[in-house]
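S.K.: Quick one: sequence and predicted model below, then my questions.
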Amino acid sequence: MNGKVQGIIICGVIAASLAGMLVFLNASDGDAKKEDSSAAESSSAAETEHYYVLYSDEAEVTSLTAENAAGGFTLDKPASGKSSWTIEEINSVEQNKAMIDDVISKCEMLEASKIAEEHADDMAKYGLAEPQANFTVSYSNGDTVKVLVGDEAPDSKYNYVCVEGTDMVQMVLGSRLKYFLSGAEDFADLVLIDKPVSDSEWPEYGKETVTRSDWDYKVVFENDPKNIEGMMSSQVISEPIFAYLNITGSSAVTHGMWGLTAYKCVTASNDEATLKEYGLDEPRCVVTLKGEDYDYKLSVGNEAFDESVAETDTPVLLGYYCTIEGAAGCNAVYIIPEASLPWVTFKIEDVISNLMTSNYLVDLEKMSIEFDGEETVYEMTTNGGSSDTDENGKAADVTAVKVGGKDIDIYQYKSLYQFIMGCPTNEICFDDPEGEPQVVIKEIRKDGGEDVIELYKDTARRYIVKLNGKTSFRIQSTWVDSLKSNMDSLYNGGKVSDTY
């Protein structure tokens with residue numbers, strides 16, 4: 001099943017015949033005849049050579065066993081009669097079918113690029129006296145071939161190989177031998193959770209919970225309970241604070257589990273000793289994502305560094321050791337790149353929106369602001385809600401605003417509302433305030449729901465904000481001062497300022 005296959009193609013029959021006719025018609029033109037005949041002979045035959053280390057045109061491959069520095073592997077078809085090939089050492093892990101199909105095809109026909117020496121008497125000079133690797137292929141006709149893999153050739157493109165028991169040394173491209181020099185774990189499928197290919201295939205979002213060893217709280221993401229159309233993100237943070245999200249900073253955190261792909265499978269074992277070895281007995285980060293028909297748990301352990309980098313050089317971080325539960329065929333420890341693990345390092349401030357609330361003004365029935373016990377109520381009239389348009393396609397708008405029966409400038413009122421929505425959210429706060437709120441803002445919607453913002457005096461320069469009863473932010477006292485002055489200015493016919 002190994003050796004040299006040589007094909008000869010005769011392409012100059014017509015040219016030779018024409019040359020013969022010329023000789024017969026003009027025998028005196030000897031020199032011309034010789035030149036024509038020589039040219040015809042040189043172009044009449046083309047020789048193409050192919051060299052094969054393995055070649056099987058009839059017998060099927062039944063198994064492959066590889067021994068190498070990466071640990072090697074055994075590839076065969078399960079005794080149960082299943083048609084799929086399986087790397088036995090990682091049979092509990094989903095495997096890369098494309099890689100397996102490629103290595104099987106090379107067992108059927110492994111081509112060499114050239115012959116280094118047809119009858120070598122010194123295998124040591126090719127690294128074949130003590131080969132770095134070998135692999136044995138068994139065929140359905142009972143034949144078994146063992147291939148030895150020696151040193152790299154000087155140009156590093158090729159490796160020297162020979163079939164055990166023969167003295168012919170051939171040169172095979174390293175790219176063709178790549179999988180034969182791999183370990184079992186290298187055949188693991190690294191796509192841990194598939195990413196939907198179209199919007200219609202995305203599942204309904206459930207609840208994602210993130211815990212970290214550097215936090216004394218957990219962060220929970222779930223669908224916005226108000227399900228407001230037009231919001232850039234459909235999800236909110238519901239713990240430890242309530243906040244809306246900015247889609248730029250939050251999408252990787254809320255949806256990064258789908259499409260999660262590993263850099264490498266480290267081991268198909270995930271017993272207690274293995275988990276401890278990789279820092280997964282006490283993970284630095286745990287992410288759970290639960291919804292209808294899915295329940296994933298990602299655990300992130302120690303940092304994983306490139307072991308090929310010398311100790312004296314700057315370490316290269318490959319990612320983190322991880323396990324994933326709830327995804328079929330992922331019973332292993334993987335290295336997942338840091339860029340695919342936003343949960344390990346993100347801050348709440350990075351993912352939340354700069355909007356304190358998310359109500360459209362035209363969806364409100366009224367807004368009230370209580371300052372030191374004195375309440376101001378803004379009664380609104382609109383010509384529709386946020387989903388309404390008139391016959392010309394124009395969106396609904398506020399048509400009147402009154403305070404105690406007095407008409408208020410609509411444009412300036414919108415500016416006041418925008419000022420309130422932009423209440424700063426850059427500093428989160430978990431410390432429950434003491435006493436009673438100094439300011440209470442209520443946005444009361446037409447559907448009967450409401451958002452309540454309570455401001456509690458914290459220090460001379462800070463207020464603590466409760467949003468819908470949950471302590472969420474700490475803001476500058478200058479914002480509260482500006483709110484009061486803007487309310488007074490609006491009532492007295494002045495302008496609303498956005499500075500504070």
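M.R.: Cool, the structure landed.

S.K.: and stretch 298-305, C-alpha only, in CSV?
M.R.: What follows is stretch 298-305 as a C-alpha-only set of coordinates in CSV (Å, rounded to 0.1, in the frame of the first residue of the first chain):
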residue,chain,number,x,y,z
LEU,A,298,-20.3,28.5,33.0
SER,A,299,-17.5,28.3,35.7
VAL,A,300,-14.3,30.2,35.2
GLY,A,301,-11.2,29.2,37.1
ASN,A,302,-7.5,30.0,36.9
GLU,A,303,-5.7,32.0,34.2
ALA,A,304,-4.3,29.9,31.4
PHE,A,305,-0.9,31.0,30.0
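
S.K.: Identify the residues contacting it?
M.R.: Contacts with stretch 298-305, where a contact means Cβ atoms under 8 Å, 6 or more residues apart in numbering, come from 257, 260, 266, 275, 278-280, 283-289, 315-325, 335-336, 341, 343-344. No exception for glycine: its C-beta is placed from N, CA and C like everyone else's.

S.K.: And for stretch 185-197?
M.R.: For stretch 185-197, the external contacting residues (Cβ under 8 Å, 6+ apart) are 70-71, 73, 87, 89-90, 93-97, 99-100, 179, 202-203, 257-268, 296, 324, 327, 329-330, 332, 334.

S.K.: And the residues you listed, which of them are buried?
M.R.: When burial is judged by neighbour count using 16 or more other Cβ atoms under 10 Å, the buried members of the contacts of stretch 185-197 are 73, 87, 89-90, 93-96, 99-100, 179, 257, 260, 262-268, 296, 324, 327, 330, 332, 334.

S.K.: OK, contacts around residue 67?
M.R.: Residue 67 makes contact with 133-135, according to Cβ under 8 Å, 6+ apart.

S.K.: Can I get the buried ones among those as something I can paste into ChimeraX?
M.R.: To isolate the buried ones among the contacts of residue 67 in ChimeraX, judged by 16+ other Cβ under 10 Å, type:
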select :133,134,135
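
S.K.: now the contacts of residue 67 as a markdown table including pLDDT and secondary structure?
M.R.: As requested, those are arranged in a markdown table below (pLDDT from 0 to 100; DSSP: H, G, I helix; E, B strand; the rest coil):
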| residue | pLDDT | secondary structure |
| --- | --- | --- |
| 133 | 97 | strand |
| 134 | 98 | strand |
| 135 | 97 | strand |
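
S.K.: Please identify the one among the contacts of residue 67 that lies nearest to residue 154.
M.R.: residue 133 (19.2 Å; Cβ to Cβ).

S.K.: List the contacts of the closest one.
M.R.: Contacts for residue 133 were tallied using Cβ under 8 Å, 6+ apart; they are 66-69, 72, 148-149, 180-181.

S.K.: in a strand, that's where residue 381 is, yeah?
M.R.: Yes - under DSSP: H, G, I helix; E, B strand; the rest coil, residue 381 sits within a strand.

S.K.: list the contacts for it?
M.R.: Neighbours of residue 381 in contact, by Cβ under 8 Å, 6+ apart: 398-401.

S.K.: In the residues you listed, find the pair that's most separated.
M.R.: Across those, the two lying at the largest distance from each other (Cβ to Cβ) are 399 and 401, at 8.8 Å.

S.K.: and for the two, which residues touch both?
M.R.: Both residue 399 and residue 401 are in contact with 381, 410, where contact means Cβ under 8 Å, 6+ apart.

S.K.: Could you check which of these two is surrounded by more residues?
M.R.: Regarding residue 399 and residue 401, a neighbour count based on other Cβ atoms under 10 Å identifies residue 401 as having more, with 24 against 12.

S.K.: For that one, identify the helix or strand it belongs to.
M.R.: Counting by DSSP states H and E, the element that carries residue 401 is strand 398-403.

S.K.: Residue 118: neighbouring residues, count only.
M.R.: As a burial measure, the neighbour count of residue 118 was computed by other Cβ under 10 Å and equals 10.

S.K.: same deal with residue 441?
M.R.: Burial of residue 441, expressed as a neighbour count using other Cβ under 10 Å, amounts to 21.

S.K.: who does the residue nearest to it when sequence neighbours are not counted bridge with?
M.R.: For residue 441, ignoring the flanking residues on the chain, the nearest one in space by Cβ to Cβ, 6 or more residues apart in numbering is residue 453 at 4.2 Å. Using DSSP bridges, the bridge partners assigned to residue 453 are residue 441, residue 467.

S.K.: Thought residue 375 was touching residue 368, still the case?
M.R.: Yes - the pair residue 368 and residue 375 passes the contact test of Cβ atoms under 8 Å, sitting 5.7 Å apart.
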